[in-house]
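Novice: I would like the atomic coordinates for the input below:
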Amino acid sequence: MKLIVGLGNPGPRYADTRHNAGWRVAEELAAREGAGPWKAKFDAALADGLWRGEKVVLARPLTFMNNSGLAVRQLADFWKLSLDDLLVVLDDMAIDVGRIRLRRDGSAGGHNGLASVIAHLGDERVARLRVGIGPAPPVEQHVDFVLSTFTKAEQPLIEEAIRRAAEAAECWMTEGPDVAMTRFNRGKDD
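Specialist: This is a model prediction of the structure:
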């Protein structure tokens, strides 16, 4: 089975913020795959379905961004998952709105949600799909920026990025990370 975790913050206050791009990708995948209703379990909202005959569990941690690793660890332990079967989807202000980037592993790159996941799993070998929400403002404005909504001009860009990220996650599931990285780690104009 595969586990795809979209990072974000719970509650209506955060629903449309930049920081919830990961949640939005998980919701897009649930709609595409006809995943069952979202149910709360293991500090996360879960929906499961089948993708080309393989079980897929979609998760949106309910622990708030900075503690996302708590839910991810519980889920990985429950299903005894290999890290090869886990994909974390998150926002990234170092990447421009409309772009996505898939990586097999690496550091958290300053993202507190991913840092929590890496800390709780004890390993940086976590595949991650970053959805661009930038360009980033000066450091002192980062918190306000990630908790803000997209501008009217950015709306079409983020909607397209959410769709492309869902396609990249589907490719990751069926064709593996190398094919998905080659196919999706380019801008739409590349």
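Novice: Check whether Ser116 really touches Phe64, as I assumed.
Specialist: No - Ser116 lies out of contact with Phe64 (Cβ atoms under 8 Å); the separation is 9.7 Å. Any C-beta I mention is one placed from the backbone N, CA and C, and that applies to glycine too.
Novice: other SSEs contacting the helix or strand of the chain with the lowest mean pLDDT?
Specialist: Lowest on mean pLDDT, DSSP states H and E among the helices and strands of the chain sits strand 44-51, with a mean of 92. Applying 3 or more Cβ pairs under 8 Å, 6 or more residues apart in numbering; DSSP states H and E, one finds that strand 44-51 contacts helix 21-33, strand 39-41, strand 54-61, helix 68-78, helix 155-175.
Novice: How far off centre is the shortest one?
Specialist: Strand 39-41 has its average C-alpha position 18 Å from the chain's average C-alpha position, going by Cα atoms, centre = their mean, to the nearest Å.
Novice: Which neighbours in the sheet does that strand have, and how are they oriented?
Specialist: Strand pairing for strand 39-41, using DSSP bridges, gives strand 44-51 (antiparallel).
Novice: buried residues in the partner strand?
Specialist: 44-49, 51 (16 or more other Cβ atoms under 10 Å).
Novice: Report the mean confidence score over the longest strand seen in the chain.
Specialist: In the chain, with assignment by DSSP state E, the single longest strand is strand 86-96. Across strand 86-96, the average pLDDT comes to 97.
Novice: Could you list the residues in contact with that strand?
Specialist: For strand 86-96, contacts defined as Cβ atoms under 8 Å, 6 or more residues apart in numbering pick out 2-7, 18-22, 25-26, 72, 76, 101, 109-111, 113-114, 117, 126-136, 142, 145-146, 165, 169, 172-173.
Novice: Please narrow those residues to those residing in helices.
Specialist: Cross-referencing those against helices under DSSP state H gives 21-22, 25-26, 72, 76, 113-114, 117, 142, 145-146, 165, 169, 172-173.
Novice: that older thread, going through the contacts of strand 86-96, which ones are buried?
Specialist: Using 16+ other Cβ under 10 Å, the buried ones in these are 2-7, 18-22, 25-26, 72, 76, 101, 111, 113-114, 117, 126-134, 136, 145-146, 165, 169, 172-173.
Novice: mind checking how far the longest strand of the chain is from the chain centre?
Specialist: On Cα atoms, centre = their mean, the centre of strand 86-96 falls 6 Å from the chain's centre.
Novice: ok so, going back, any chance of CSV for the buried residues of strand 44-51, columns distance to Asp92?
Specialist: Putting those into CSV (distance: Cβ to Cβ, whole Å) gives the following:
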residue, distance to Asp92
Ala44, 21
Ala45, 22
Leu46, 24
Ala47, 24
Asp48, 27
Gly49, 26
Trp51, 25
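Novice: Right, I'll call it a day here.
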